[in-house]
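[1] this one's structure only:
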């Protein structure tokens, strides 16, 4: 049985991979940032049994399709890059697991993946987050 960290990383990888693949299907110009965080997540995903990988892939595809619709990503023009963020950023208040950056937008889209939580939104408050500030 895989641990919470392994499952979390594997689900992040499956979701990120599904998002890139779904956007490529829509003929969008998107690529991964191949950093250490990408490598760690892929390693955890690859070490899981194929049945669990399939389950995470299926859920990742569902999540990716919903993100594309909710964030209107089908209408994005220009280049996009998807990066897995380091867990060290969470210590300073940035709890986003995935960061989708756009060549023609200033603000990236940050995603926090939860594999063991039934909440659609689950905010994590930190000393650096101000949910009221504009």
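    Good, I have the coordinates. Model, not experiment: these values are computed from the prediction.
[2] what sits against residue 100?
    Shown in contact with residue 100 (CB atoms under 8 Å, 6 or more residues apart in numbering): 19, 73, 80-82, 108-111. The C-beta positions use only the backbone N, C-alpha and C, and glycine is treated the same way.
[3] show me what it is bridged to.
    Under the criterion DSSP bridges, residue 100 forms beta bridges with residue 82, residue 109.
[4] quickly note the distance from it to residue 6.
    Separation of residue 100 from residue 6 (CB to CB, to the nearest Å) stands at 24 Å.
[5] run the chain-centre distance for stretch 46-58.
    In terms of CA atoms, centre = their mean, to the nearest Å, the centre of stretch 46-58 is set 16 Å apart from its chain centre.
[6] so which helix or strand of the protein has the lowest pLDDT on average?
    One helix or strand of the chain scores below all others by mean pLDDT, DSSP states H and E: helix 88-91, with a mean of 54.
[7] which regions of the protein sit below the pLDDT cut-off?
    Of all residues in the chain, those with pLDDT under 70 make up the ranges 1-2, 87-95, 114-134.
[8] any idea which residue sits dead centre in it?
    In the chain, the centroid-proximal residue (CA atoms, centre = their mean) is residue 98; its distance is 3.7 Å.
[9] surely that one touches residue 16?
    Yes: using CB atoms under 8 Å, residue 98 is in contact with residue 16, at 5.3 Å.
[10] quick check: neighbours shared by those two?
    Shared contacts of residue 98 and residue 16, counting by CB under 8 Å, 6+ apart, come down to 82, 84.
[11] tell me the buried residues in stretch 28-48?
    Of the residues in stretch 28-48, 28, 30, 37-38, 40-42, 44-45, 48 count as buried by neighbour count, 16 or more other CB atoms under 10 Å.
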